[in-house]
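Undergrad: I'd like to go over a predicted model; first the sequence, then the structure.
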Amino acid sequence: MPTVKMTIGILSERTQCTVATIRYYEQIGLLPQPERSSNGHRYYRDQDFERLTFIKRCRDFGFPIDQVRSLTNLFEDGDRACVGVRNLAQAQLEQVRAKMAEMRQLEAGLEAFVCSCDAGCTGGLTRDCVIFDQIALSGATAARFVATEVKRT
């Protein structure tokens, strides 16, 4: 089966990756430099499409560029131990769970702000809104915590 050559626009459309992103991945070495025609146009092969699709899916799962590079190398070298892939996925899972915990805390704080506003000042003037006081207090509390931690070290 012959290799289909695609322009960067077609590759972008097929992978739902922007042209700028494709160029960036080439620049940092995640994608190989494509063939170029005599007029300088880039032409991509099926293998480039597969690699870019894999990279995009890794990014969709939140893997940072360095880990994408490692996963891409493992993907292309199928003779290495699977445990390397598993360990990268486990590390990313832990990062996602930590972010989710932070988001749940953020959600609880915002919910408390809204509830206190509903109970105390909804319908009043913005200068009397309790959310401003709570945000300022939250910031002061965080600043005191950071100052305390700095003194400990």
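TA: That came through fine.

Undergrad: burial of residue 11, as a residue count?
TA: Using other Cβ atoms under 10 Å, residue 11 has 22 other residues around it. No exception for glycine: its C-beta is placed from N, CA and C like everyone else's.

Undergrad: Now it. Nearest residue, chain neighbours left out?
TA: Excluding its sequence neighbours, the residue lying closest to residue 11 (Cβ to Cβ, 6 or more residues apart in numbering) is residue 44, at 4.7 Å.

Undergrad: I figured the one you found was touching residue 6, is that so?
TA: Yes: counting by Cβ atoms under 8 Å, residue 6 is a contact partner of residue 44 at 4.6 Å.

Undergrad: Between the two, point out the one with more neighbours.
TA: Between residue 44 and residue 6, counted using other Cβ under 10 Å, residue 44 has the larger neighbour count: 25 against 20.

Undergrad: any idea how far residue 103 is from residue 31?
TA: Taking Cβ to Cβ, to the nearest Å as the criterion, residue 103 is separated from residue 31 by 32 Å.

Undergrad: Comparing those two, which shows the higher neighbour count?
TA: Of the pair residue 103 and residue 31, residue 31 is the one with more neighbours under other Cβ under 10 Å, namely 21 against 10.

Undergrad: Any idea how many residues pack against residue 49?
TA: When neighbours are counted by other Cβ under 10 Å, residue 49 registers 16.

Undergrad: Quick check: pLDDT value at residue 36.
TA: The score at residue 36 is 88. That number is its pLDDT.

Undergrad: where does the residue most central in space within the chain land in three-state SS?
TA: Geometric centre of the chain, nearest residue: residue 62, 4.2 Å, by Cα atoms, centre = their mean. At residue 62, secondary structure determined by DSSP: H, G, I helix; E, B strand; the rest coil is coil.

Undergrad: ditto for residue 117
TA: Under three-state DSSP, residue 117 falls in the helix class.

Undergrad: Report the contact partners of the residue nearest to it when sequence neighbours are not counted.
TA: The shortest distance from residue 117 to any non-neighbouring residue, by Cβ to Cβ, 6+ apart, is to residue 131 (5.2 Å). Residues in contact with residue 131 (Cβ atoms under 8 Å, 6 or more residues apart in numbering) are 113-114, 116-117.
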